[in-house]
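Engineer: Turn this into a structure:
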Amino acid sequence: MAQWLQKVRNDFPYREGWVYLQSAGAGLAFPGAVAAGGQYYADVAAMGCDAQPLWHRPAQSALERAAKLLNVPKDDVGFFRNTSEVINIAANSFEWRPGDEIIVMADEYPCNILAWSSAVAQGAKLVQLTPGASKDREDQMVAAITERTRAVNVAHVHPWTGTRVDLTRLGKACREVDALLIVDGIQALGSTPVDLSYVDVFGAGTFKWLMSGFGNAIGVFRERAREQLTPIFRSYANRPPSKAFNYAAPNIPGLYVLDATLAYLEELGWDRIYAQIERLTDRTFTVLRDLGIEPVTPQHSRGGIVGFDVADSTRAAAEFQQRKVSVSDKERRILVSPHFYNTEADIDRFGEALADIQATSDVI
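Structural biologist: Okay, here's the model as predicted:
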């Protein structure tokens, strides 16, 4: 493990003297991303349109790697601009019937609520559940599913509490009433194992845990989704009667980067990556509790995010910045999101900064 960690540390030369714990906001790029992204422009500069065979290779390779990572057929996978596009395409590809319901938690990321505006305008009902304790999130959603439910839209890992839900349990409950399970996976993919066996639509941008920049998202539309939905967007890539949802050219330069990054992560080993994130988040729980702080994140139902409430999250994050520790602030909460390139020493630095802030400030 020591040799593996040393290689990783060498590959991520973050600002000297700083600790980066914001991978749930944007993951650090590995050095090979620079060459990968530049290669697209070098290919086009040298060959113009005749470079198409060259740029299709990393695009196809990235698709195959994504399908392998998610253990789904290649035909189920497409590339889109962002997670919101995937969710909006799914939400607007239904044919609504009177009495149809969509279930969401009221504190989901905006795209998982606003995407259903057209459905509501057509007579469907958006059931927004008031969240209780983080550990009860999944139970609340299962209990809300009825014969009227057509779709359940959920974040696999909630962005502001770090709560991870069981997609298999939710998916099975959806299938009992023939509803579709639509998943925002951006805070899960790359930080925790993802099982899509009972998921119908899955979208995940690549700039967080997959460290591949903005402008690309992996979108998965399983067979049940293709059977029930009619693509809202049409273009040359999905002419009728095609049931495909990827409709036009993806971000090809971004796919050069994604392919190179996925190859790098595969070489490191996904099991090793997940295990390192689990170790670091476990240590974060220990550090917080030793300082008398109880996280809002349920320890045994989490991804790579650990959150805790503070009196003033903006000021608290600034206090951490002054101590060269980079954390996120959202919804009066501090979020800590270590990736595999972090170490236990980084978490200890966070703990030292937190203890100092507690002793000198009233923001926590």
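Engineer: tell me the contacts of Arg224?
Structural biologist: Residues near Arg224 by Cβ atoms under 8 Å, 6 or more residues apart in numbering: 180, 200. Bear in mind the C-beta positions are built from the backbone N, C-alpha and C, glycine included.
Engineer: Renumber starting at 5 from here on
Structural biologist: Shifting the count to begin at 5 puts that one at Arg228.
Engineer: which SS state does it fall under?
Structural biologist: helix (DSSP: H, G, I helix; E, B strand; the rest coil).
Engineer: Show me what the helix or strand harbouring Glu89 is packed against.
Structural biologist: Under the criterion of DSSP states H and E, Glu89 resides in helix 87-95. Using 3 or more Cβ pairs under 8 Å, 6 or more residues apart in numbering; DSSP states H and E as the contact criterion, the elements in contact with helix 87-95 are helix 115-118, strand 153-159, strand 184-188, strand 205-209, strand 221-225.
Engineer: between it and strand 153-159, how many degrees?
Structural biologist: 170 degrees (axes from the mean of the first three to the mean of the last three Cα atoms, to 10 degrees).
Engineer: Next, the angle from helix 87-95 to strand 221-225.
Structural biologist: Using the same axes, to 10 degrees: helix 87-95 against strand 221-225 is 20 degrees.
Engineer: which of the residues in helix 87-95 are buried?
Structural biologist: Neighbour-count burial for helix 87-95, counted by 16 or more other Cβ atoms under 10 Å, picks out 87-95.
Engineer: Over to stretch 353-361?
Structural biologist: 353-355, 357-358, 361.
Engineer: which other residues reach it?
Structural biologist: 23, 25, 288, 291-292, 294-295, 297, 320, 323-324, 327, 329, 331, 340, 367-368.
Engineer: Buried subset of those, written for PyMOL?
Structural biologist: The PyMOL command for the buried members of the contacts of stretch 353-361 (criterion: 16+ other Cβ under 10 Å) is given here:
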select buried, resi 23+25+288+291+292+297+320+323+324+327+329+331+340+367+368
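Engineer: Give me the subset of the contacts of stretch 353-361 lying in helices.
Structural biologist: The members of the contacts of stretch 353-361 that map onto helices under DSSP state H are 288, 291-292, 294, 320, 323-324.
Engineer: could I get those as TSV with pLDDT?
Structural biologist: Output for those, formatted as TSV (pLDDT from 0 to 100):
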residue	pLDDT
Thr288	98
Val291	98
Leu292	98
Asp294	98
Ala320	96
Glu323	97
Phe324	98
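Engineer: export those residues to JSON lines and tack on distance to Leu9?
Structural biologist: Shown next, in JSON lines, are the ones in helices among the contacts of stretch 353-361 (distance: Cβ to Cβ, whole Å):
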{"residue": "Thr288", "distance to Leu9": "17"}
{"residue": "Val291", "distance to Leu9": "19"}
{"residue": "Leu292", "distance to Leu9": "23"}
{"residue": "Asp294", "distance to Leu9": "24"}
{"residue": "Ala320", "distance to Leu9": "29"}
{"residue": "Glu323", "distance to Leu9": "29"}
{"residue": "Phe324", "distance to Leu9": "24"}
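Engineer: What helix or strand is the residue lying closest to Val81 once chain neighbours are set aside located in?
Structural biologist: Excluding the flanking residues, the one nearest Val81 by Cβ to Cβ, 6 or more residues apart in numbering is Ala71, at 4.9 Å. For Ala71, the host element (DSSP H and E) is helix 56-74.
Engineer: how close does Phe83 sit to Lys11?
Structural biologist: Note on Phe83: its distance to Lys11, by Cβ to Cβ, to the nearest Å, is 29 Å.
Engineer: Pick out whichever of the two has more residues nearby.
Structural biologist: Phe83 (23 against 11; other Cβ atoms under 10 Å).
Engineer: Looks to me like that one is in a strand.
Structural biologist: Yes - judged by three-state DSSP, Phe83 forms part of a strand.
Engineer: what are the bridge partners for it, then?
Structural biologist: Ile222 (DSSP bridges).
Engineer: ok now do it, which residues does it touch?
Structural biologist: With Cβ under 8 Å, 6+ apart, Phe83 has these contacts: 63, 66-67, 220-223, 250, 254-255, 259.
Engineer: Apply 7 Å and report the result again.
Structural biologist: By Cβ atoms under 7 Å, 6 or more residues apart in numbering, the residues touching Phe83 are 220-223, 250, 254, 259.
Engineer: for Ala252, same thing?
Structural biologist: 239-241.
Engineer: now Ala128
Structural biologist: Contacts of Ala128 by Cβ under 7 Å, 6+ apart are 100, 104-106.
Engineer: any idea how far it is from Gln362?
Structural biologist: 47 Å.
Engineer: Please convert the helices and strands packed on helix 87-95 to CSV, extending it with distance to Gln232.
Structural biologist: Converted to CSV, those look like this (distance: least, Cβ to Cβ, whole Å):
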stretch, distance to Gln232
helix 115-118, 19
strand 153-159, 9
strand 184-188, 6
strand 205-209, 10
strand 221-225, 10
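Engineer: And those: which comes nearest Pro235?
Structural biologist: strand 221-225 (8.9 Å; Cβ to Cβ).
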